[in-house]
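1. what shape does this take:
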Amino acid sequence: MRILLVSQMYPGHDTPDLGSFVATLEHALEARGHEIERAVVDRRGGRDRHARLALDVLQTAHRCRPDVVYAHFLVPAGLLAALAGRAPLVVTAHGQDVENARRSRTVRRATQLTVRRAHAVVAVSAWLLARLVEVVPEALAKSSVIDCGVDLDRFAPRDALAARDELGWSPAGTGFLCLGSLSERKNVLRLARAFEQRGEGGLAFVGDGPLRPALAGRPRIHLAGAVPHERVAAWIAAADVVCQPSLAEPFGLSTLEGLASGRSVVATRVGGPPEFVPPGAGVLVDPDDDDAVRAGLDEAALLPRPNLEARRATETHDVRRQAERVEELLLRAAASRDRRA
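-> Sure, this is the predicted structure:
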């Protein structure tokens, strides 16, 4: 099957962490024998990036004549894919695209058009699907919940001391790790305050963003910056607890990667994590409550190391299984085109 992959986020030379979940699922589909062409944005910023993506979609669709188009994000990538040609469309909603539709009438109308044109819509969590259906009710009839999955070979229990030696990070006590942008939504300042009240251990932030200056220079807090996705597994292995107490998390890939690595997690109650973090694997917290976040760190620090319950919780989220589920939708979409012909 010839698949045209369209995404407004994709890892690039200068942005190795951008849309890594898209690339991971793409590689799993390729491993199943499909031919994939890409029209993607692999950099941050730039006023013309969406215009260039539109041109890339048109040119690539004309050149490769795909059997099906698989887009990540409803708008603009999904909309551009819907308008690019006659090939049927399957589109995955990831989170911010749904929030944009909830906030903007213009984006909502564009999202409605994308959903109408799509053969199938995927949401990465049931929480996200419910929010999409609130603004685009017709999405429900053609939607499935399929997350992007985790590579259970890459993210597996490893020795923490060896990973710390490899990275040069040696917390004195419990090692906490937060992965993602240093932003308000990721709740990094509340996490830092909660950690500082513990009085022991170390907290590493892997990622970059506007709140980096507010975190810089704090005792026992290490700022690693953005790293390529292939380095994320080593950082998780070096930690005892992976923290993602975001104000909202449509899915929570970092939480899933932490669980797969046999690390206990502290995750937000708002969004996707309650759908895959069972008791014993980690702690779900109210992200707006300072005391709850601090108590979550304390509770998670007492869980087993490595945490085999955490690893077991990810068995149904293997990226290869998720690729199979996406493949089923893509094949049905391609078959619908054949029937129309």
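
2. domain ranges for this protein?
-> 2-149+318-340, 160-316 (automatic domain parsing).

3. so where do the strands sit in the chain?
-> 2-7, 35-40, 68-72, 89-93, 120-123, 143-145, 175-179, 202-206, 221-225, 241-244, 264-268, 282-285 (DSSP state E).

4. got the ones you listed as a markdown table, with mean neighbour count and distance to P213 columns?
-> To be clear about C-beta, it is placed using only N, CA and C from the backbone, and glycine gets the same treatment. Below are the strands of the chain laid out as a markdown table (neighbours: other Cβ atoms under 10 Å; distance: least, Cβ to Cβ, whole Å):
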| stretch | mean neighbour count | distance to P213 |
| --- | --- | --- |
| strand 2-7 | 25 | 30 |
| strand 35-40 | 19 | 31 |
| strand 68-72 | 29 | 31 |
| strand 89-93 | 27 | 33 |
| strand 120-123 | 25 | 35 |
| strand 143-145 | 17 | 38 |
| strand 175-179 | 26 | 16 |
| strand 202-206 | 24 | 13 |
| strand 221-225 | 16 | 10 |
| strand 241-244 | 30 | 20 |
| strand 264-268 | 29 | 24 |
| strand 282-285 | 26 | 26 |
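
5. how about the domains of the chain in TSV, adding mean pLDDT?
-> TSV is the format used below for the domains of the chain (pLDDT from 0 to 100):
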stretch	mean pLDDT
domain 2-149+318-340	94
domain 160-316	97
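
6. one step back: got the strands of the chain as a markdown table, with distance to R108 columns?
-> As requested, the strands of the chain are exported to a markdown table (distance: least, Cβ to Cβ, whole Å):
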| stretch | distance to R108 |
| --- | --- |
| strand 2-7 | 20 |
| strand 35-40 | 24 |
| strand 68-72 | 18 |
| strand 89-93 | 13 |
| strand 120-123 | 15 |
| strand 143-145 | 17 |
| strand 175-179 | 31 |
| strand 202-206 | 34 |
| strand 221-225 | 36 |
| strand 241-244 | 28 |
| strand 264-268 | 25 |
| strand 282-285 | 30 |
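
7. quick one: closest of these to D56.
-> Among the strands of the chain, the nearest to D56 by Cβ to Cβ is strand 35-40 (4.2 Å).

8. sheet-wise, list the partners of that closest one with their directions.
-> Applying DSSP bridges, strand 35-40 is found paired with strand 2-7 (parallel).

9. how big is the angle separating the strand it pairs with from strand 68-72?
-> Counting by axes from the mean of the first three to the mean of the last three Cα atoms, to 10 degrees, strand 2-7 lies at 20 degrees to strand 68-72.

10. dump strand 2-7 to PDB, restricted to CA.
-> What follows is strand 2-7, C-alpha atoms only, in PDB (Å, rounded to 0.1, in the frame of the first residue of the first chain):
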ATOM      1  CA  ARG A   2       1.300   3.400  -0.900                       C
ATOM      2  CA  ILE A   3       0.800   5.800   2.000                       C
ATOM      3  CA  LEU A   4       1.300   9.600   1.900                       C
ATOM      4  CA  LEU A   5       2.200  10.700   5.400                       C
ATOM      5  CA  VAL A   6       1.300  14.300   6.200                       C
ATOM      6  CA  SER A   7       2.300  16.000   9.400                       C
END
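
11. report the angle between it and strand 89-93.
-> 30 degrees.

12. distance from the chain centre to strand 2-7, please.
-> Chain-centre distance of strand 2-7: 18 Å, with Cα atoms, centre = their mean, to the nearest Å.

13. name the residues that touch it?
-> Here strand 2-7 makes contact (Cβ atoms under 8 Å, 6 or more residues apart in numbering) with 19, 22, 26, 29, 34-41, 53, 57, 60-61, 64-73, 77-78, 80-81, 84, 87, 330.
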